[in-house]
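Colleague: Below is the sequence, then the predicted model.
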Amino acid sequence: MNMNDQRICLWLAPAFGVLLLLAFYIFPGFIPPSSPTMSADEVAAFYRNHVGQIRASMLIFNICGIMFIPFFMVIVVQMQRMANPSRAFAYSYLSAAASGATLFALADLAWLIAAFRPERDPQLLMLLNDLAWMAFITPVGFIIAQNFCLALGIYMDDQTKPVFPRWVGHFNLLTALLMTPGAFALMFMKGPLAWDGILAFWVRVGTYGLYIAVMFFVVRSALDRQARDQAQPQGATA
Amino acid sequence: MTSASMTDVAERPSTRRSTETHAAKSRKRDQWICWWSLPIFYNLFGLIFVYLGKVMPPPKPGLTQAEIVEFIQANANSMQIAWVLLALSLGFASLSSGLIVTQMRRMSGVSAALAYTYLAVLAVAALPGCLFCSLMFALAAFRPDRDPQIVAMLYDMGMLSFVGSLGCFVTQYLVFAIAIFLDKRGIFPKWLAYMSIWGVVTELVAMPIWIFRGGTYAWDGLISFYLGTIIFVIWEVCLVTCLYNAIKRQPLEELTAAQA
C-alpha cells in the first residue's frame, strides 16, 4: 500500500502548526490573554486599537485551523490497523475530531465578526468577544473523547508489534486530564480557571500545542514502522 | 487479512465452547465500552439539561425581557455548572455513534454510505443541536447584567437552536431506518426502523416552534416538545436494547483479526 497520502497529511500538521503559532503570536489578546473582567468599553477599545492584528491573526486561524483534521485522520487510519476487534474507537475518534473543529470555526468567526465593525455598540462587541473566548477555550470534551478512544485503542492493541507504544496511551490520558480546566472558563471571571487563567488558558493551550507536536513524532514513527513491515514478507509480521 | 484470521481460528483449542464467554468478553470489550457510554451519558445529559440547566422542561417562549433576565439570574449558578459538565462530556456522545456505525457496517446488502452518513450528521449535530444552546445560556449566565435585549436574544437563540435544530436528526433517523429496512442480516429488528420513522415525525412536528410563541406548537408545547421528547426517550431506550442484543449476537469469528 502506498503511504504517500498519510505522509502528506502528517506533514500538514507542522506546516500549518507553524502558521497557527505565528497567528497565536500576532493576536494581541493571547500574550497575555484578554481578561474576562474587561468592561464593554475596554473590549471595544481593544478591537478599535488592534483591528489589523486581530484580522490578520484570525484570518490565518480561519485558513489553517481546520488543517489538523487530516492529521487526526491519519491517526484514525492507524487506529484501524490496531488489533482491536472492531473499529468502534476509530469511528468515535473521527466523529469527535469533526465536532471539535466546528467549535474552533465558530470561535474564529466571532473574533472576525467583532473586528469587522469595531465601532459597533460595545455591548455587542463584548458579546462577540465572550462567544469567541468561550467557543475557543471551553469545549474540551471532544479532544478528551478523542484521547480516551485513542488511549483505550492503544491498550487493547495486543499485537507483538503494536501500532503505537503503550506510553502514547498514558500520554493521551494525561493530556486529556490537563485539558479539563478549560471547560471551567464558562463560569469563572477571575483566577486560574478564568479564560485568561493559568489553568484554563496556559495549561490548556500549551498542552494542546505540545500534544500535537509529540503526536507528530509518534505518528511519524508509526508510519515508518508500517512502511518497514510492508517491505517485509507478510508471514514475518503476522 | 484472511491469513491472519485463519491462524487465529486455528489457534483456538478444541474446547472452544468453554473459553468462548471469556473470549467473547475480551473481543467485544471496545464495543461494550462504547455501549456503556449510552446509559451513562444520557443520564448525565438528563442531569445537565433537566436538573441543572433548566432548559428541560423548557421555560416559556412568551416571557417578557424582565422575566427572562430574572430566569437567567435565578439559575445562573446551576446553569454554569451544567454547561461546564456538558463541555467536558459531550465528546463522549461520539462513542455511541462509533458503536452504531460499527454495527451498521455489519449489515448485508447495504454499503457504507448510510453508516458514514450517520457518523457525519451526528458529528455536525453536536454544535447546532446541543453545544450552541449551552454556549448561548452560558453567555447569558456569565454576565446577567448585559443589556436585557441581548439577554433575551441569547435566551431565544439557546432555546430555538436546542429544540429547533432538525435536519441533522431527520437525516440521522432516516438513514438509520433505510439501513435497517435494506439489511438482509437482521442486525437490528425491523420495528426499530419503524420507530426511527417516528423520530423523523417528531422532528417535523417541531417545525412550528419557529413561528408560534405559545400553545401546543411552541418550543414548550405539548406536541412540539413533549411528544417529541417522549418518543425520543422511548426510541433511545429501544436503541440501547437493540445495540445490546446486536453486540451479544455478533459471532466471534467476525472479531478475530486486525482489519487493515
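Modeller: Structure received.
Colleague: State the distance spanning the first to the last residue of stretch A:175-187.
Modeller: With CA to CA, to the nearest Å as the measure, stretch A:175-187 spans 22 Å from end to end.
Colleague: Do it and chain B come into contact?
Modeller: Yes - on the criterion CB under 8 Å from any CB of the partner chain, stretch A:175-187 is in touch with chain B at A:180, A:182-184, A:186-187. (C-beta placed from N, C-alpha, C; glycine too.)
Colleague: Tell me, please, where in the chain the pLDDT is lower than the cut-off.
Modeller: All of this refers to chain A. A:1, A:233-238 (pLDDT under 70).
Colleague: try chain B instead
Modeller: Within chain B, the stretches with pLDDT under 70 are B:1-25, B:256-260.
Colleague: Try it again at 80.
Modeller: Along chain B, the parts satisfying pLDDT under 80 run over B:1-26, B:256-260.
Colleague: Tell me which residue lies nearest the centroid of it.
Modeller: Centroid check for chain B by CA atoms, centre = their mean gives B:Ala93 as the closest residue, at 6.5 Å.
Colleague: Now the residue in the stretch 151-260 of chain B that chain A sits nearest to. Nearest residue, chain neighbours left out?
Modeller: In the stretch 151-260 of chain B, the residue that lies nearest chain A is B:Leu255 (3.8 Å; CB to the nearest CB). Leaving out its chain neighbours, the residue that sits closest to B:Leu255 by CB to CB, 6 or more residues apart in numbering or on different chains is A:Pro85, at 3.8 Å.
Colleague: how close does that neighbour get to A:Asn2?
Modeller: 27 Å (CB to CB, to the nearest Å).
Colleague: Who has more neighbours out of the two?
Modeller: Neighbours around A:Pro85 and A:Asn2, counted as other CB atoms under 10 Å in any protein chain shown, are more numerous at A:Pro85. The numbers are 23 against 8.
Colleague: and the more buried one, what is it in contact with?
Modeller: By CB atoms under 8 Å, 6 or more residues apart in numbering or on different chains, the contact set of A:Pro85 is A:156, B:27-31, B:255-256.
Colleague: Would you map the helices across chain A?
Modeller: A:4-26, A:40-49, A:51-64, A:68-80, A:88-116, A:122-137, A:141-156, A:166-179, A:204-231, A:234-237 (DSSP state H).
Colleague: Any residue of the fourth one touching chain B?
Modeller: Yes - residues of helix A:68-80 are located near chain B by CB under 8 Å from any CB, namely A:Gln80.
Colleague: Now do that helix against helix A:88-116, angle only.
Modeller: Counting by axes from the mean of the first three to the mean of the last three CA atoms, to 10 degrees, helix A:68-80 lies at 170 degrees to helix A:88-116.
Colleague: same question, the first one
Modeller: An angle of 40 degrees separates the directions of helix A:4-26 and helix A:88-116 when computed by the same axes, to 10 degrees.
Colleague: Pull the residues that contact helix A:4-26.
Modeller: By CB under 8 Å, 6+ apart, the list of residues contacting helix A:4-26 reads A:30-31, A:53, A:56-58, A:60-61, A:63-65, A:67-68, A:70-71, A:73-74, A:77, A:209, A:212-213, A:216, A:219-220, A:223.
Colleague: what does the fourth one give?
Modeller: Residues from elsewhere that reach helix A:68-80 (CB under 8 Å, 6+ apart): A:6, A:8-10, A:12-13, A:16-17, A:87, A:89-90, A:93-94, A:97-98, A:101, A:146, A:149-150, A:153, A:163-164, A:212, A:215-216, A:219, A:222-223, A:226, B:259-260.
Colleague: residues of that helix that come out buried?
Modeller: By 16 or more other CB atoms under 10 Å in any protein chain shown, the buried positions in helix A:68-80 come out as A:68-80.
Colleague: Could you do the third one as well?
Modeller: Counting neighbours by 16+ other CB under 10 Å, one finds that the buried residues in helix A:51-64 are A:51, A:53-54, A:56-58, A:60-62, A:64.
Colleague: got TSV for those residues, with distance to A:Asp121 too?
Modeller: Converted to TSV, these look like this (distance: CB to CB, whole Å):
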residue	distance to A:Asp121
A:Val51	16
A:Gln53	22
A:Ile54	18
A:Ala56	25
A:Ser57	24
A:Met58	21
A:Ile60	28
A:Phe61	25
A:Asn62	24
A:Cys64	31
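Colleague: Need the phi and psi values for B:Gly221.
Modeller: phi -80, psi 160 (degrees, to the nearest 10).
Colleague: what's near enough to touch it?
Modeller: So B:Gly221 contacts B:208-209, B:212, B:215 (CB under 8 Å, 6+ apart).
Colleague: now with 10 Å?
Modeller: Shown in contact with B:Gly221 (CB atoms under 10 Å, 6 or more residues apart in numbering or on different chains): B:58, B:61, B:163, B:205-206, B:208-209, B:212, B:214-215, B:227-228.
Colleague: What's the ChimeraX line that selects buried ones from the residues you listed?
Modeller: In ChimeraX syntax, the buried subset of the contacts of B:Gly221 is picked out as below (16+ other CB under 10 Å):
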select /B:58,61,163,205,206,208,209,227,228
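Colleague: Need the contacts of B:Gly221 in a markdown table (columns: distance to B:Arg146).
Modeller: A markdown table is the format used below for these (distance: CB to CB, whole Å):
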| residue | distance to B:Arg146 |
| --- | --- |
| B:Pro58 | 21 |
| B:Pro61 | 20 |
| B:Val163 | 23 |
| B:Val205 | 33 |
| B:Ala206 | 28 |
| B:Pro208 | 29 |
| B:Ile209 | 24 |
| B:Phe212 | 27 |
| B:Gly214 | 25 |
| B:Gly215 | 29 |
| B:Leu227 | 34 |
| B:Gly228 | 31 |
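Colleague: The contacts of B:Gly221 in helices, which ones?
Modeller: Mapping the contacts of B:Gly221 onto helices (DSSP H) picks out B:163, B:228.
Colleague: would CSV of the contacts of B:Gly221 with distance to chain A be doable?
Modeller: Below are those laid out as CSV (distance: CB to the nearest CB, whole Å):
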residue, distance to chain A
B:Pro58, 21
B:Pro61, 21
B:Val163, 20
B:Val205, 27
B:Ala206, 22
B:Pro208, 27
B:Ile209, 23
B:Phe212, 27
B:Gly214, 27
B:Gly215, 31
B:Leu227, 28
B:Gly228, 23
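Colleague: For A:Leu174, state which of the contacts of B:Gly221 is nearest.
Modeller: B:Val163 (38.5 Å; CB to CB).
Colleague: Which of the three states applies to the nearest residue to the closest one once chain neighbours are set aside?
Modeller: Among residues not flanking B:Val163 along the chain, B:Trp219 sits closest, at 4.4 Å (CB to CB, 6+ apart). Taking DSSP: H, G, I helix; E, B strand; the rest coil as the rule, one finds B:Trp219 in the coil state.
Colleague: In this structure B:Trp219 contacts B:Pro208, no?
Modeller: Yes - using CB atoms under 10 Å, B:Trp219 makes contact with B:Pro208 at a distance of 9.3 Å.
Colleague: Need the overlap of contacts for these two.
Modeller: Common contacts of B:Trp219 and B:Pro208, defined by CB under 10 Å, 6+ apart, comprise B:Gly164.
Colleague: give me the element B:Ala125 is part of.
Modeller: Using DSSP states H and E, B:Ala125 maps to helix B:112-126.
Colleague: For the spatially most central residue of chain A, which residues are in contact?
Modeller: Centrality entry for chain A: nearest residue to the mean C-alpha point is A:Tyr208, 5.7 Å, by CA atoms, centre = their mean. Shown in contact with A:Tyr208 (CB under 10 Å, 6+ apart): A:68, A:140, A:143, A:175, A:178-179, A:182.
Colleague: Farthest-apart pair in those residues, please.
Modeller: It's A:Phe68 and A:Leu178 that sit farthest apart of the contacts of A:Tyr208, by CB to CB, at 17.9 Å.
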